[in-house]
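this one's structure only:
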């Protein structure tokens with residue numbers, strides 16, 4: 001499977017929506033860098049974003065909302081927040 005900007009954005013969104021854990025996001029990014037077929041057209045951007053996600057479990061790096069927002073913007077996406085009443 002070719003890894004595209006959309007693929008990476010989907011992984012970040014899944015993390016932000018609590019569908020995957022930080023550990024799962026880091027594992028995915030490490031596998032993507034080692035075994036993934038990165039879209040050649042966007043290889044530089046994709047590699048840098050995926051590499052950043054791969055160190056998100058290291059205390060010195062972490063992964064804040066601002067980090068996710070910046071990474072998504074590098075991929076050409078913009079996050080949107082929706083606040084709803086708790087059920």
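All right, it came through fine. These numbers come from a predicted model, not from an experiment.

could you tell me the end-to-end distance of stretch 27-47?
Length of stretch 27-47, first residue to last, CA to CA, to the nearest Å: 15 Å.

any buried residues in it, and which?
By 16 or more other CB atoms under 10 Å, the buried positions in stretch 27-47 come out as 28, 29, 30, 32, 33, 36, 38, 39, 42, 45, 46. Using the backbone N, CA and C atoms, a C-beta is placed for each residue, glycine as well.

count of neighbours near residue 26?
When neighbours are defined as other CB atoms under 10 Å, residue 26 has 19 of them.

so of the buried residues of stretch 27-47, which ones are in strands?
Residues of those located in strands (DSSP state E): residue 38.

in helices only, show me the buried residues of stretch 27-47.
Among these, the ones falling in helices (DSSP state H) are 28, 29, 30, 32, 33, 45, 46.

now the two most distant members of those.
Using CB to CB, those span at most 18.1 Å, a distance reached by 30 and 45.

just say helix, strand or coil for residue 82.
What DSSP: H, G, I helix; E, B strand; the rest coil gives for residue 82 is coil.

number of nearby residues for it?
When neighbours are counted by other CB under 10 Å, residue 82 comes out with 4.

now it: how far from residue 57?
27 Å (CB to CB, to the nearest Å).

and the residue most central in space within the chain, how close does it get to residue 33?
For the chain, residue 12 is the residue whose C-alpha lies nearest the centre (CA atoms, centre = their mean; 3.6 Å). Using CB to CB, residue 12 is found at 15 Å from residue 33.

then residue 87?
Distance from residue 87 to residue 33, by CB to CB: 38 Å.

distance check, residue 61 against residue 84.
Counting by CB to CB, the separation of residue 61 from residue 84 is 31 Å.

more neighbours: which of these two?
Higher neighbour count among residue 61 and residue 84: residue 61, with 13 against 5, using other CB under 10 Å.

mind checking what secondary structure that one has?
Applying three-state DSSP: residue 61 is coil.

which non-adjacent residue is nearest it?
Once flanking residues are discounted, residue 61 sits nearest to residue 55: 4.6 Å by CB to CB, 6 or more residues apart in numbering.

sounds good, over and out.
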